[in-house]
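Trainee: the amino acid sequence is not available; the structure is as follows:
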């Protein structure tokens with residue numbers, strides 16, 4: 001596997017959006033992804049690619065001493081190969097000077113919760129009916145990233 005993690009470019013957005021639609025039932029809009037590229041002072045949009053094909057992505061927001069992993073996805077056919085772990089490593093190394101990292105994850109997404117817990121994220125609270133289908137989100141935090 002020839003895997004590369006890099007900053008998202010404008011020409012990546014159509015492929016990222018198609019992947020987003022395949023993975024999530026309450027997907028971001030196409031314009032939302034374009035907007036992330038327009039805000040480099042607060043947004044780090046990343047893609048994971050294999051041989052120039054986008055197979056994952058993440059959007060990370062940062063401000064003050066916090067970061068927020070707002071979108072994180074690996075294509076279903078590439079899961080269970082350590083790619084989520086590699087992407088999370090990349091993010092944590094990229095933003096290692098922040099005090100707190102936050103994310104939300106579907107309560108039913110046990111594999112993702114287990115991955116985040118391996119990286120020191122802890123459940124902070126449950127946001128009820130967060131997702132469009134009424135499912136709850138677990139808000140997780142990682143403290144003292146430094």
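Mentor: Noted; the coordinates are in hand. Note that the structure is predicted; figures quoted are calculated from it, not measured.
Trainee: when you work out contacts or count neighbours from here on, use the C-alpha atoms and nothing else.
Mentor: Will do.
Trainee: my reading is that residue 11 lies in a helix. Confirm?
Mentor: Yes: counting by DSSP: H, G, I helix; E, B strand; the rest coil, residue 11 is part of a helix.
Trainee: from residue 64, how far out is it?
Mentor: Taking CA to CA, to the nearest Å as the measure, residue 11 falls 30 Å from residue 64.
Trainee: residue 125 now?
Mentor: Taking CA to CA, one finds residue 125 at 22 Å from residue 64.
Trainee: higher neighbour count, those two?
Mentor: Between residue 125 and residue 64, residue 125 has the larger neighbour count (other CA atoms under 10 Å), namely 12 against 9.
Trainee: help me confirm that the more buried one is found in a strand?
Mentor: Yes: judged by three-state DSSP, residue 125 forms part of a strand.
Trainee: spit out the contact partners of it.
Mentor: Residue 125 sits next to 138-140 when contact means CA atoms under 8 Å, 6 or more residues apart in numbering.
Trainee: which one of these sits closest to residue 51?
Mentor: residue 140 (32.7 Å; CA to CA).
Trainee: who does that closest one form a beta bridge with?
Mentor: Per DSSP bridges, the residues bridged to residue 140 are residue 103, residue 123.
Trainee: how near is it to residue 73?
Mentor: Separation of residue 140 from residue 73 (CA to CA): 17 Å.
Trainee: also residue 32?
Mentor: Counting by CA to CA - residue 32 and residue 73 are separated by 15 Å.
Trainee: out of those two, which sits in the busier spot?
Mentor: The neighbour count for residue 32 versus residue 73, taken as other CA under 10 Å, is higher for residue 73 (22 against 12).
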